[in-house]
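Visitor: This is the structure alone, sequence omitted:
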């Protein structure tokens, strides 16, 4: 039953009758027309409604106005909501007056203006003046301001187990930033707040181009910290792109693309080495925690599981990490810098094969994850991808060695090996693997 | 629209274990189901480019989703006949993909357990193990969702993860009011289903 439910709705949902298809398609046509630069034709939003059923038109028009606000402000030709009133007065009177316009639509204008590349930064007093007596509007917008109005929350970038990350705007320095704050359920929990503050302090100590730097931490009823915003895509997506390259891609292009990924991987190793030099281990390295920036930068995110390895204080969370990427000693609560080397090896493994190194074995129970991690037999990457270069395979397997003593002893050492490979120099792991095979 | 993947964490990524803060209390059945749906969606997203248009590797999705659910909720592990359930799930998925089972929009009610569904599944969802209420709830949810917008499940899953309606609209490239309208329909449909029951 469970799967029948899921399968019916996963990927097969489009077979159902979509009673809101015309609504969604009206929005899409508006976007398409805007893309096609037919901008002068689309100030009359009612032109998009003929196919939308009568009972849905009010909602669809609200969505059209919101989308239009977004598109026009982004293009630098946006107008305030009041300028829509005239055209909406006859058919949609509720949308045509400051007293009745839905607060969410006012919020749409507010957000559209903040996200405009032309630097518009509307303030609460402006909206108070334009929409007098609208407590619902001020409440809605007021929730978006932090630190006495310095930061404006624009949209949520992601939700983790403990915290949420927002794209935000720093009104003082006039730049976009990322804001992390605990999820609502954790705000009143003293231990969660303490850990959140510790995470901010720990990350703030890591000033490195490969680590999202922390600008400041705000304590108080609703703590948050401000970080550099990284525009880019998860490293895992870049890896998928590489492996899903068109069949007619030349060998040279493929090699170049792989080298690009390997250079990013080396950058990740460097950032981890830097953290280790500061006495910090990450404990949850995986492609999902790395962002490949739009401008060639590669940044490690989410230091929420990190710890100082010299801390005398017992670790409140001795076992953290992701089983598919976790070294055996970490499952026993004994992580050290070599555990991060294993995590880096796991990223390299995924880069070479698109798979994670420790899949759940057939028939295993997830409750047995510790045993799975301890007893994992990591396959040779070439068994999964025949074209894996032998030198890279040797590097990867050495980083993923079961015993920490058999791994690279530092992230630096691993980075050096990959650099050697990229420079066409001999790789020590390959020589070692050759001799160990020769010796039988 | 959000910048795709920028700083994204949470949705679709492999689950992080954090045992020291795990709440070992007995979770509400709806929480379990929400968690299962979330995990199913996360696994499905992992295997595709968009929330809805992905190729299904159904057995893997089902297996990983339940694996994550069980990792997060030890009470499931303590009561369930796990291999039997998983075998049943995989059989069901494969049969579904082979067009043997009814599709949405087909005439008639859901087939009764024991006739169309594999025996393994019927056994797995029997009252003697902890999955019985879960499967019942999911069946109820399915009946509720039937006839509701195809994206209702995506919307519900994102809500279960903690996203607001506006976040969901941005993530799915939909209008905020359309998301709200679909949720309204869902609530109305739920009320009808409850009334019928």
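Guide: Looks like it came in fine. These numbers come from a predicted model, not from an experiment.
Visitor: In three-state terms, label the residue lying closest to residue A:216 once chain neighbours are set aside for me.
Guide: Nearest-residue entry for residue A:216: residue A:226, 5.2 Å, with adjacent residues in sequence omitted and distances by C-beta to C-beta, 6 or more residues apart in numbering or on different chains. (Each C-beta comes from the backbone N, C-alpha and C, glycine too.) Following DSSP: H, G, I helix; E, B strand; the rest coil, we place residue A:226 in the strand state.
Visitor: and residue A:226, how far is that from residue A:324?
Guide: 31 Å (C-beta to C-beta, to the nearest Å).
Visitor: again with residue A:222
Guide: 34 Å.
Visitor: Return the helix or strand in chain A with minimum mean pLDDT.
Guide: helix A:2-9 (a mean of 34; mean pLDDT, DSSP states H and E).
Visitor: Chain B now?
Guide: helix B:119-124 (a mean of 38).
Visitor: any low-confidence regions in the chain?
Guide: Since no chain was named, I'll use chain A. Residue ranges of chain A with pLDDT under 70: A:1-17, A:38-42, A:160-161, A:312-319, A:360-369, A:432-440.
Visitor: I was after chain B.
Guide: Using pLDDT under 70, chain B drops low at B:1-150, B:153, B:157, B:160-161, B:189-197.
Visitor: change it to 50
Guide: Within chain B, the stretches with pLDDT under 50 are B:1-34, B:41, B:43-59, B:75-134, B:136-138, B:141, B:197.
Visitor: Kindly tell me how buried the closest residue to residue A:301 other than its chain neighbours is, as a neighbour count.
Guide: Distance criterion C-beta to C-beta, 6+ apart; nearest residue to residue A:301, sequence neighbours excluded, is residue A:289 at 5.3 Å. Residues lying near residue A:289 (other C-beta atoms under 10 Å in any protein chain shown) number 27.
Visitor: Kindly provide the distance from residue A:289 to residue A:172.
Guide: From residue A:289 over to residue A:172 the distance is 30 Å, taken as C-beta to C-beta.
Visitor: again, but for residue A:55
Guide: 46 Å.
Visitor: And for residue A:153?
Guide: 15 Å.
Visitor: what's the answer for residue A:214, then?
Guide: The value you get for residue A:214 to residue A:172, if C-beta to C-beta is used, is 17 Å.
Visitor: Compare the two (neighbour count), which wins?
Guide: Using other C-beta under 10 Å, the more surrounded residue of residue A:214 and residue A:172 is residue A:214, with 22 against 10.
Visitor: show me the contacts for that one.
Guide: A:200, A:203-204, A:225-227 (C-beta atoms under 8 Å, 6 or more residues apart in numbering or on different chains).
Visitor: try 7 Å
Guide: A:200, A:203-204, A:225, A:227 (C-beta atoms under 7 Å, 6 or more residues apart in numbering or on different chains).
Visitor: now residue A:276
Guide: Residue A:276 neighbours (C-beta under 7 Å, 6+ apart): A:337, A:340, A:410-411.
Visitor: And for residue A:67?
Guide: A:27, A:30-31, B:175.
Visitor: Please spell out the PyMOL selection for the buried subset of the residues you listed.
Guide: Remark: buried members of the contacts of residue A:67, expressed as a PyMOL selection using 16 or more other C-beta atoms under 10 Å in any protein chain shown:
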select buried, (chain A and resi 27+30) or (chain B and resi 175)
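Visitor: can I get the contacts of residue A:67 in TSV with distance to residue A:351 and secondary structure?
Guide: As requested, these are exported to TSV (distance: C-beta to C-beta, whole Å; DSSP: H, G, I helix; E, B strand; the rest coil):
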residue	distance to residue A:351	secondary structure
A:27	38	helix
A:30	40	helix
A:31	35	helix
B:175	38	coil
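Visitor: Farthest pair within the contacts of residue A:67?
Guide: Greatest spacing in those, by C-beta to C-beta: A:31 and B:175 (11.1 Å).
Visitor: which secondary structure element contains the residue of the stretch 51-200 of chain A found nearest chain B?
Guide: Closest contact between the stretch 51-200 of chain A and chain B, by C-beta to the nearest C-beta, is at residue A:63 (2.8 Å). Counting by DSSP states H and E, the element that carries residue A:63 is helix A:57-74.
Visitor: who's in contact with the helix or strand following that helix?
Guide: Next along the chain after helix A:57-74, taking DSSP H and E as the criterion, comes helix A:82-88. The contact list for helix A:82-88 (C-beta under 7 Å, 6+ apart) reads A:44, A:65, A:95-97.
Visitor: Filter these down to the buried ones.
Guide: A:65, A:95-96.
Visitor: Is residue A:29 in a helix, a strand, or coil?
Guide: Under three-state DSSP, residue A:29 comes out as helix.
Visitor: What is the burial count for it?
Guide: Neighbours of residue A:29 (other C-beta under 10 Å): 15.
Visitor: and what of residue A:22?
Guide: 17.
Visitor: Could you verify that it is part of a helix?
Guide: Yes: secondary structure assignment places residue A:22 in a helix (three-state DSSP).
Visitor: Touching, it and residue A:54? I think so.
Guide: No: counting by C-beta atoms under 7 Å, residue A:22 does not reach residue A:54; the two are 11.2 Å apart.
Visitor: what comes into contact with stretch A:341-352?
Guide: Here stretch A:341-352 has contacts from A:239, A:261, A:265, A:268-269, A:272, A:282, A:285-287, A:290, A:325, A:327, A:356-357, A:381, A:385, A:388, A:392, A:395-396, A:399-400, A:407-408, A:411, A:414, using C-beta under 7 Å, 6+ apart.
Visitor: Of those residues, which are in range of chain B?
Guide: The residues of these that also fall near chain B, by C-beta under 7 Å from any C-beta of the partner chain, are residue A:286.
Visitor: so of the contacts of stretch A:341-352, which ones are in helices?
Guide: A:239, A:261, A:265, A:268-269, A:272, A:381, A:392, A:395-396, A:399, A:411, A:414 (DSSP state H).
Visitor: give the contact list for the residue nearest to residue A:216.
Guide: Residue A:226 neighbours (C-beta under 7 Å, 6+ apart): A:151, A:177, A:179, A:215-216.
Visitor: can we see that at 8 Å?
Guide: So residue A:226 contacts A:151, A:168, A:170, A:177-179, A:214-218 (C-beta under 8 Å, 6+ apart).
Visitor: For stretch A:93-110, measure first residue to last.
Guide: Terminal residues of stretch A:93-110 are spaced 21 Å apart (C-alpha to C-alpha, to the nearest Å).
Visitor: buried set for that stretch?
Guide: Neighbour-count burial for stretch A:93-110 [16+ other C-beta under 10 Å]: A:95-96, A:101-110.
Visitor: thinking again about what came up before, now the contacts of stretch A:341-352: which count as buried?
Guide: So, by 16+ other C-beta under 10 Å, the buried ones in those are A:239, A:261, A:265, A:268-269, A:272, A:282, A:285-287, A:290, A:325, A:327, A:356-357, A:381, A:388, A:392, A:395-396, A:399-400, A:407-408, A:411, A:414.
Visitor: Pull out the buried residues from the helix or strand residue A:164 falls within.
Guide: Assigned by DSSP H and E, residue A:164 falls within strand A:163-170. In terms of neighbour count (16+ other C-beta under 10 Å), strand A:163-170 has its buried residues at A:163-170.
Visitor: try stretch A:251-264
Guide: Counting neighbours by 16+ other C-beta under 10 Å, stretch A:251-264 gives A:257-258, A:261-262, A:264 as buried.
Visitor: I'd like the residues you listed as a markdown table, with distance to residue A:431 appended.
Guide: Formatted as a markdown table, the buried residues of stretch A:251-264 follow (distance: C-beta to C-beta, whole Å):
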| residue | distance to residue A:431 |
| --- | --- |
| A:257 | 27 |
| A:258 | 22 |
| A:261 | 24 |
| A:262 | 20 |
| A:264 | 26 |
